[in-house]
Structures are given as C-alpha cells and as structure tokens.
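Engineer: mind folding the following:
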Amino acid sequence: MFARRLVLATLITAASFSAQAADKYDIDPTHTQVQFTYNHMGFSNITGRFDQVQGDFRFDVADPTQSSVSITIPVSSISTGVEKLDEHLLKADFFDATQFPTATFTSTGVTAAGEGKLAVAGDLTIHGVTRPVVLDVTINGVGEHPMRKLPAAGFDARTTIKRSDFGVGADVPAVGAAVQLSHTGEAPPAK
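Structural biologist: Numbers count the residues shown, from 1 in each chain. As a prediction, this is how the structure comes out:
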C-alpha cells in the first residue's frame with residue numbers, strides 16, 4: 001500500500017525537465033500511466049496505478065538538459081483492481097487523501113545519461129512530505145504523431161522510493177518499504 005504511494009511519487013517525478021527555449025507539451029492523460037509495485041509479505045509483487053495524471057513539460061530537442069516537467073496526480077485516482085484495498089489506501093494510515101489529495105513532482109534539473117537517456121532530478125511530494133528524487137528517463141520518441149499529424153513527445157521514467165520517507169510507512173516490513181514507480185506517457189504540444 002505504501003509502495004503504491006511511493007510509486008506514485010516516483011511516477012510523478014519521472015516526467016520532469018527544465019527549459020528555456022524548449023517546446024511546451026501538455027501531458028495526454030489518455031496515453032499516460034503511472035504505476036507502482038511493492039512487495040507483499042515476501043509472497044507477491046503487487047502493481048497498481050493512478051488513473052489520472054495532469055501536467056506539462058518543456059523539452060529542448062537541441063539540449064535536453066534544458067528541459068523541465070511538472071506533474072500532479074490526484075491520489076483518489078488510485079486503482080489496484082481491488083476496491084477495498086483502494087479504499088484502505090486512501091485512509092489516514094496510508095495516503096490520507098482527504099488531507100493530502102494530490103501527489104506532485106517538479107523537476108529541478110536534468111542531466112544526460114547516455115544515448116536517449118536522461119536523469120531527471122526533482123522534488124516529489126506525497127502525503128504532504130517533499131523529498132528529492134531522481135528519475136531514470138528514456139526518450140521514446142520526439143516527432144510527428146502518425147495519427148494526429150502534429151508534433152508529439154513520449155518518455156518512460158523509473159525510480160524507487162522508500163515510502164516511509166514520505167510518512168506512508170504503515171505495515172513495514174510485512175508490506176515492503178521500497179516502492180518502484182514507473183511512468184510512460186506521450187504529449188502533444190501545449191495549446
């Protein structure tokens with residue numbers, strides 16, 4: 001459960017870049033997913049997702065290190081496929097969605113990490129706690145979208161967070177402390 005929160009935080013962090021002369025893109029919520037995976041009592045690795053992702057990023061094709069990203073995820077959009085688990089995760093002993101309704105990620109810096117790869121540093125806020133994280137980002141593609149015939153950009157991002165760092169440490173160690181966050185998404189230019 002806590003791992004989901006961490007994954008959410010990581011997924012939010014994964015979309016970050018900083019820009020000056022960069023093109024602005026709005027995240028396409030119908031082609032963007034934020035997933036989290038955590039270990040449950042040593043027997044299974046449970047995966048869930050957040051069904052809503054909002055935000056934008058600026059991407060500089062000539063110098064990707066001048067890119068930036070900002071993402072907001074409504075915590076209430078959590079989906080594990082188990083309704084009672086979703087309800088529990090939204091309660092005070094986990095995400096406390098009434099008091100902390102969103103998770104956010106705002107990039108603070110981008111560095112090159114190999115061909116088509118970036119390391120995106122940023123501030124991830126979950127459960128009202130902000131911590132620095134680094135997303136391992138893969139540039140999937142930047143160019144004309146084959147269906148829309150408009151520019152588009154797509155990225156994958158991954159990170160692992162420790163949920164207790166964000167005040168979501170219930171049931172550790174029975175439920176794993178580490179949460180793997182992954183993000184995939186595409187975006188058209190901002191309107």
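
Engineer: next SSE after the longest strand seen in the chain?
Structural biologist: Using DSSP state E, we find that the single longest strand of the chain is strand 129-144. Following strand 129-144 in sequence order, the next helix or strand is strand 151-162 (DSSP states H and E).

Engineer: how far does the helix or strand that that following strand is followed by sit from the chain's center?
Structural biologist: For strand 151-162, the succeeding helix or strand toward the C-terminus, using DSSP H and E, is strand 178-187. Relative to its parent chain, strand 178-187 has a centroid offset of 5 Å by Cα atoms, centre = their mean, to the nearest Å.

Engineer: what packs against strand 178-187?
Structural biologist: If you count contacts as 3 or more Cβ pairs under 8 Å, 6 or more residues apart in numbering; DSSP states H and E, strand 178-187 packs onto helix 2-13, strand 32-40, strand 129-144, strand 151-162. In short, each C-beta sits where N, CA and C put it, glycine included.

Engineer: burial count for G116?
Structural biologist: Using other Cβ atoms under 10 Å, G116 has 14 other residues around it.

Engineer: quick check: D28 touching P189?
Structural biologist: No - here D28 does not reach P189: they are 10.9 Å apart, not a contact under Cβ atoms under 8 Å.

Engineer: thinking again about what came up before, the helices and strands packed on strand 178-187: which one's closest to T65?
Structural biologist: T65 sits nearest to strand 129-144 of all the helices and strands packed on strand 178-187, at 11.6 Å, using Cβ to Cβ.
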